[in-house]
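Chemist: This is the structure alone, sequence omitted:
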């Protein structure tokens with residue numbers, strides 16, 4: 001009988017000891033890889049000018065709100081590490097307002113640019129407005145009615161690399177407004193958007209048109 005009582009007492013003490021043992025933290029099923037490369041952070045100083053070319057047409061008669069606006073950089077830009085913001089980087093935007101021309105209703109196309117994809121496929125924020133849009137050839141015959149102003153990229157990732165090639169065939173950085181687009185006006189919105197308006201016909205941006213974007 002004493003042996004049975006001793007066994008029962010030992011079992012009870014063991015149970016109490018287990019219940020009072022604190023729970024151990026669980027090992028994650030997948031631990032984060034050690035030595036992972038942190039994301040590269042780049043930015044453009046406000047007022048940096050970037051020259052791009054539209055990759056796809058966007059027409060106020062056919063487009064819808066939310067449609068993507070895709071452009072690619074024409075020039076190499078300085079970056080750290082080097083070679084991230086070269087010619088051919090994607091600039092992404094989207095249409096936030098699309099109004100076709102109907103009767104007395106003017107056509108309107110409102111666009112927001114907000115993202116750049118670097119050569120290593122990393123994405124960076126790029127809030128920018130359109131300073132000028134058109135075909136480069138049209139800028140050569142622009143009259144005094146087309147306003148121009150000075151402007152240059154600033155600081156490390158916005159300075160253009162020396163280009164031995166001629167600027168011929170490129171929209172000049174000093175260009176402003178809708179170049180060679182009859183009846184179309186370009187204005188800046190209140191929310192980092194750019195507004196193209198026409199009282200005569202539907203606003204249409206053709207593939208191959210160039211833009212001068214100004215970062216915010």
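Modeler: Alright, I've got the coordinates. Since we're looking at a predicted model, the values are computed, not measured.
Chemist: can you map out the strands along this structure?
Modeler: All strands of the chain, identified by DSSP state E, fall at 49-54, 58-59, 68-73, 90-99, 107-117, 123-134, 177-179, 184-188, 194-198, 204-205, 210-215.
Chemist: can you redo these as CSV with distance to residue 81 and mean neighbour count?
Modeler: Glycine gets a C-beta too; all of them are placed from N, C-alpha and C. Putting the strands of the chain into CSV (distance: least, CB to CB, whole Å; neighbours: other CB atoms under 10 Å) gives the following:
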stretch, distance to residue 81, mean neighbour count
strand 49-54, 19, 23
strand 58-59, 33, 20
strand 68-73, 17, 18
strand 90-99, 19, 19
strand 107-117, 16, 21
strand 123-134, 13, 21
strand 177-179, 35, 23
strand 184-188, 33, 17
strand 194-198, 31, 21
strand 204-205, 33, 22
strand 210-215, 20, 25
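Chemist: Serialize those to a markdown table and add fields for mean pLDDT and distance to residue 83.
Modeler: Below are the strands of the chain laid out as a markdown table (pLDDT from 0 to 100; distance: least, CB to CB, whole Å):
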| stretch | mean pLDDT | distance to residue 83 |
| --- | --- | --- |
| strand 49-54 | 95 | 17 |
| strand 58-59 | 94 | 30 |
| strand 68-73 | 96 | 13 |
| strand 90-99 | 95 | 16 |
| strand 107-117 | 94 | 14 |
| strand 123-134 | 93 | 15 |
| strand 177-179 | 93 | 31 |
| strand 184-188 | 94 | 32 |
| strand 194-198 | 95 | 29 |
| strand 204-205 | 94 | 30 |
| strand 210-215 | 95 | 20 |
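Chemist: possible to save these as CSV with distance to residue 171?
Modeler: Below are the strands of the chain laid out as CSV (distance: least, CB to CB, whole Å):
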stretch, distance to residue 171
strand 49-54, 6
strand 58-59, 17
strand 68-73, 12
strand 90-99, 14
strand 107-117, 16
strand 123-134, 6
strand 177-179, 7
strand 184-188, 13
strand 194-198, 15
strand 204-205, 13
strand 210-215, 4
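Chemist: Indicate which one of the ones you listed is closest to residue 169.
Modeler: strand 210-215 (9.2 Å; CB to CB).
Chemist: Identify the residues contacting the closest one?
Modeler: Applying CB atoms under 8 Å, 6 or more residues apart in numbering, the set of residues contacting strand 210-215 from outside is 44-54, 71, 74, 91, 113, 126-136, 151, 158, 170-171, 173, 175-176.
Chemist: coming back round to it: out of the strands of the chain, which gets nearest to residue 84?
Modeler: If you check each of the strands of the chain against residue 84 by CB to CB, strand 123-134 wins as the nearest, at 9.0 Å.
Chemist: Would you mind listing the outside residues contacting the closest one?
Modeler: Contacts of strand 123-134 from elsewhere in the structure, counted by CB under 8 Å, 6+ apart, are 41-44, 49-50, 91, 111, 113-118, 139, 151, 171, 175-181, 186, 188-189, 192-194, 196, 205, 209-216.
Chemist: Can you check what angle separates it from strand 107-117?
Modeler: Between the direction of strand 123-134 and that of strand 107-117, the angle (axes from the mean of the first three to the mean of the last three CA atoms, to 10 degrees) works out to 140 degrees.
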